[in-house]
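**Q** Below is the structure, and that's it, no one-letter string:
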């Protein structure tokens, strides 16, 4: 399969590709297959009372990733075991995801603005980059579920695809980079658009 990675995507190596579950011929077919799986995972998550009670935790975030991409990749639902050019040292992933979940609970208890909670949770999960692939999609859905499970509306980034290269994806990546530097305004604005 000939893969063209959009700006900001983490390229997969040959070992990662050998874990592809279905027989897929094109990037478009892969994107569509993953999108269908993610949509099913979203419905599953919304109806799962245990997930709602325990979310977010290291375990529920792993389970969410497995539900999202488990029909596509054998490594879905497991933290990566190697370093990439993005993300933290792989040996620190569980600890950092656990710290993020604790921080999110603290933000909720301290009555932070909900959009700020969602955007910061999303950004930090992407920054940690816990999985081989699907980190942005996982972090967007996880942030949306965090808000929804507390009776709040989802963020607006579901208004268009962020998987394929587009002006919208370019703006999203730029907003993430500014958040990496400590400025969340652009990412907050991006999360308000549909």
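**A** Received, thanks. Predicted, not measured: the structure shown is a model, and the values here were computed from it.
**Q** measure residue 168 to residue 191 for me?
**A** According to CB to CB, to the nearest Å, residue 168 stands 12 Å off from residue 191. (Glycine included, C-beta is placed from N, CA and C.)
**Q** So those two - more neighbours on which side?
**A** More neighbours sit around residue 191 than around the other of residue 168 and residue 191, counting by other CB atoms under 10 Å; the figures are 24 against 16.
**Q** OK, contacts around the residue nearest to the more buried one when sequence neighbours are not counted?
**A** Leaving aside its chain neighbours, residue 191 sits nearest to residue 155 (4.1 Å; criterion: CB to CB, 6 or more residues apart in numbering). For residue 155, the residues meeting the contact criterion (CB atoms under 8 Å, 6 or more residues apart in numbering) are 115, 118, 119, 122, 140, 143, 144, 147, 191, 192.
**Q** Packing partners of the helix or strand containing residue 29?
**A** Secondary structure assignment for residue 29, by DSSP states H and E: helix 27-46. Counting by 3 or more CB pairs under 8 Å, 6 or more residues apart in numbering; DSSP states H and E, the packing neighbours recorded for helix 27-46 are helix 58-69, helix 135-148.
**Q** buried set for that helix?
**A** When burial is assessed from 16 or more other CB atoms under 10 Å, helix 27-46 yields the following buried residues: 27, 30, 33, 34, 37, 38, 41, 42, 45.
**Q** Export the residues you listed to TSV and append columns for pLDDT and distance to residue 20.
**A** Rendered in TSV, the data for the buried residues of helix 27-46 read as follows (pLDDT from 0 to 100; distance: CB to CB, whole Å):
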residue	pLDDT	distance to residue 20
27	76	12
30	86	8
33	92	10
34	92	11
37	95	13
38	95	16
41	97	18
42	97	22
45	98	24
